[in-house]
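[1] quick one, structure for this:
(2 chains)
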Amino acid sequence: MGGIAPLSAADGVMQALAARKRWRLHHIAFAGAAIAFLAWCAEGVGLRPKELAGALPAIGEYFYRMAPPKWEFAEVLWKPAVETLYIALWGNVIALMIGLPLGVLAASNVTRSAPLRNAAKAVLNLLRSISELIWAVFFVAAVGLGPFPGALALGVNFGGILGRLYAEALENIDNGPVEALAATGAGRLQIIVFAMLPQALPQFVTYNLYWFEVGVRSATVLGMVGAGGIGFELVTTIRLFEWRETGVVLLLILAMVTIIDLASTWIRGRIY
Amino acid sequence: MILEIRHLSKTYPGGARALHDVNIDVAAGEFLVILGPSGAGKSTLLRCINRLVEPTEGQILHNGVEVTAHLGDLCAVRRQFGMVFQQFNLVKRLSVLTNVLTGRLGYRSAWRSLAYSFPEADKRIAIECLARVNMDHKAFQRADTLSGGEQQRVAIARALAQQPMVILADEPVASLDPKIARQVLGYLRESARDLGITVLCNLHQVDYAREFSERVVGMSHGAVVFDGPVAALTDDILHRIYYREPGEAQKEEA
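    Model (predicted):
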């Protein structure tokens, strides 16, 4: 202690607080660097806000031309719209079949072998990094035009995404029940099925519902490369400048996504 | 002796010494309380017995057979020891009955149980175990709808369903209020007594030790500092268990 008067406890904490504040200078420098980096990237993107502002009326014009929507066109759209839902649904089923085993293998608390885990992660990364549109091009070439290559494309890409999300959900479970089941003498596979999967299940369902909704949106562009669904009609009407028909297609997509969103919210409210 | 613990030591990879030369004999049918403050090594001791933790040195003999020797069949060793945890550790989204049935997994082949299918005989065992802790009326409820005391009773039923020789209870009542804690310890002691199961129960509350056990092992800083009848727990000994500094421990060993 020497001759120095002991500080009260509050003084000590106040000093520590002041010391922490000094770090803020460092934070400002970091924020400045981040802004400079974003500005440099803006050059690369070719951001031209003025031109965008000038073009806004023209963009508004497209929507103006879509009104009033040509409702009779909905009769033609009915079949491809349903096909879009099929593609999204089966895309998700395939994604589940690919993502679940790979996700289980990629979760660090489930798979202890690092080489196996890394192999699973590598496959998931590969599936995920190639977009569904590119996969659709491959699958159309492989199995021909139609909704089947569309569902495969969604399934493979979403499998990569869902597998990663499944693995994260598994890694976040409570380890207590896992230890309890190990203590009963249950085997590794039994522990996974009885203690791990039930805990992660609500999250699995949530992810699948969300990616079903994403699937409906994605399936609308798959038609551009001949992989079925409503996208073919969307692109065709745009190319033919049939704006009133385009309006109907967009409204229909909006309606489908909204209904699925409402339905999935309803389902999610009932699984916890 | 159903359990003979000989020169058991455990040092964790980080260098933390949890157990140091622990020697305990447990007679069949005993309700033995292991008393000590948090961090005394009580949890590590129980986990060495069913080999959730591998000891660094020493032996554990179960009916004269060394449990540390069964390198191959870990599951067969573990299913002989039921375990009850401070945080209950039920699978919350599964029903009470399914949770108790998981106590049978160690006896069943993986493939059938993967479909959540259990033999009739196992279901009967599970329901009988639930009845012992007076929870059979809630068999079909989800585990997370139960109160803490009820969850711990279900966890005891899960341990009983293993038809174990020994139950290892790791601070089973630390997160329960005193009234419920006494009720849960009562269920544990009575059902174990009826079935002839030996219980090793970690506690940090002296009162419960006095009420529920005849023999107490006191632990402090990874070492046994007392082993004797509950009546011999004097203030002096309690001070040794709860307030001994690590430095004093080394002096005593020297």
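[2] what's the closest non-adjacent residue to B:Leu61?
    B:Glu4 (4.1 Å; Cβ to Cβ, 6 or more residues apart in numbering or on different chains). (Glycine included, C-beta is placed from N, CA and C.)
[3] same question, A:Ser129
    Among residues not flanking A:Ser129 along the chain, A:Gly160 sits closest, at 7.6 Å (Cβ to Cβ, 6+ apart).
[4] quick one: average confidence on the host helix or strand of the one you found?
    Element membership for A:Gly160, per DSSP states H and E: helix A:147-171. Mean per-residue pLDDT for helix A:147-171: 95.
[5] list the buried residues of that helix.
    Taking 16 or more other Cβ atoms under 10 Å in any protein chain shown as the basis for neighbour counts, the residues of helix A:147-171 that come out buried are A:147-167, A:169-170.
[6] contact partners of the helix or strand where A:Glu61 lies?
    Using DSSP H and E, the element containing A:Glu61 is helix A:49-66. Residues outside helix A:49-66 that contact it (Cβ atoms under 8 Å, 6 or more residues apart in numbering or on different chains): A:Trp243, A:Arg244, A:Thr246, A:Gly247, A:Leu250.
[7] so the very next helix or strand once past it, near chain B or not?
    Tracing the chain C-terminally past helix A:49-66 and defining elements by DSSP H and E, one meets helix A:74-106 next. No - among the residues of helix A:74-106, none lie within reach of chain B under Cβ under 8 Å from any Cβ of the partner chain; the closest is 13.0 Å away.
[8] tell me the helices and strands packed up against helix A:74-106.
    Contact partners of helix A:74-106 among helices and strands, from 3 or more Cβ pairs under 8 Å, 6 or more residues apart in numbering or on different chains; DSSP states H and E: helix A:114-129, helix A:147-171, helix A:197-222, helix A:231-239, helix A:243-268.
[9] pick the most deeply packed of those.
    Per-stretch averages of neighbours, counted by mean count of other Cβ atoms under 10 Å in any protein chain shown, single out helix A:147-171 among the helices and strands packed on helix A:74-106, with a mean of 24.
[10] so after that helix, what's the next helix or strand?
    Following the chain from helix A:147-171 toward its C-terminal end, the next helix or strand by DSSP H and E is helix A:175-183.
[11] below-threshold pLDDT in the chain: ranges please.
    As the question left the chain open, I've gone with chain A. Within chain A, the segments meeting pLDDT under 70 span A:1-7, A:22-23, A:272.
[12] that was the other one, I meant chain B.
    Using pLDDT under 70 as the threshold, the predicted model of chain B has low-confidence ranges B:69-72, B:246-254.
[13] that one against chain A: which residues are in contact?
    Residues of chain B lying near chain A by Cβ under 8 Å from any Cβ: B:50, B:52, B:75-83, B:85, B:87-94, B:98, B:102-103, B:105-107, B:110, B:113-114, B:116, B:155, B:158-159, B:162, B:168.
[14] who's in contact with the residue of the stretch 101-250 of chain B with the smallest separation from chain A?
    Among all residues of the stretch 101-250 of chain B, B:Gly106 sits closest to chain A, at 2.5 Å; criterion: Cβ to the nearest Cβ. Contacts of B:Gly106 were listed using Cβ under 8 Å, 6+ apart, and they are A:Thr184, A:Gly185, A:Ala186, B:Cys75, B:Ala76, B:Arg78, B:Arg79, B:Gln162.
[15] report the buried members of those residues.
    By the neighbour-count criterion of 16+ other Cβ under 10 Å, those include these buried positions: A:Thr184, A:Gly185, A:Ala186, B:Cys75, B:Arg78, B:Arg79, B:Gln162.
[16] columns distance to B:Ala181 and secondary structure on top of these, output as CSV?
    Formatted as CSV, those follow (distance: Cβ to Cβ, whole Å; DSSP: H, G, I helix; E, B strand; the rest coil):
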residue, distance to B:Ala181, secondary structure
A:Thr184, 24, coil
A:Gly185, 28, coil
A:Ala186, 28, coil
B:Cys75, 32, helix
B:Arg78, 27, helix
B:Arg79, 28, coil
B:Gln162, 23, coil
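[17] closest one to A:Ile87 out of these, please.
    When the buried ones among the contacts of B:Gly106 are compared for distance to A:Ile87 (Cβ to Cβ), A:Ala186 comes out closest, at 40.0 Å.
[18] quick check on the nearest residue to the closest one once chain neighbours are set aside: phi, psi?
    Excluding the flanking residues, the one nearest A:Ala186 by Cβ to Cβ, 6+ apart is B:Leu105, at 3.7 Å. Reported as degrees, to the nearest 10, the phi and psi values for B:Leu105 are phi -60, psi -40.
[19] hang on, B:Leu105 packs against A:Leu189?
    No - under the criterion of Cβ atoms under 8 Å, B:Leu105 lies out of contact with A:Leu189, with a separation of 10.0 Å.
[20] more neighbours, the two?
    Of the pair B:Leu105 and A:Leu189, B:Leu105 is the one with more neighbours under other Cβ atoms under 10 Å in any protein chain shown, namely 27 against 13.
[21] got the residue ranges for the strands in the stretch 151-254 of chain B?
    Taking DSSP state E, counting those that start in this stretch, the strands of the stretch 151-254 of chain B run over residues B:166-170, B:198-203, B:215-220, B:223-229.
[22] and the third one, how far out from the chain middle?
    When distances are taken as Cα atoms, centre = their mean, to the nearest Å, strand B:215-220 is centred 15 Å away from the chain's centroid.
[23] which strands and helices lie in contact with it?
    Contacting strand B:215-220 under the criterion 3+ Cβ pairs under 8 Å, 6+ apart are the following elements: strand B:31-35, strand B:223-229, helix B:235-243.
[24] next: the shortest one.
    Helices and strands in packing contact with strand B:166-170 are listed as helix B:42-49, strand B:81-84, helix B:148-161, helix B:178-195, strand B:198-203; criterion 3+ Cβ pairs under 8 Å, 6+ apart.
[25] give the pairing partners of it; include direction for each.
    Within its sheet, strand B:166-170 is paired with strand B:81-84 (parallel), strand B:198-203 (parallel), according to DSSP bridges.
[26] cool, and the last one?
    Take DSSP bridges as the rule and strand B:223-229 pairs in its sheet with strand B:215-220 (antiparallel).
[27] quick one on the thing from earlier: closest one to B:Asp227 out of the contacts of B:Gly106, please.
    B:Arg78 (26.0 Å).
[28] what's near enough to touch the residue nearest to B:Leu61?
    Each residue near B:Glu4 by Cβ under 8 Å, 6+ apart is listed here: B:Ile24, B:Asp25, B:Val26, B:Gln59, B:Ile60, B:Leu61, B:Gly64.
[29] what's the distance between it and chain A?
    Relative to chain A, B:Glu4 is positioned 21 Å away (criterion: Cβ to the nearest Cβ, to the nearest Å).
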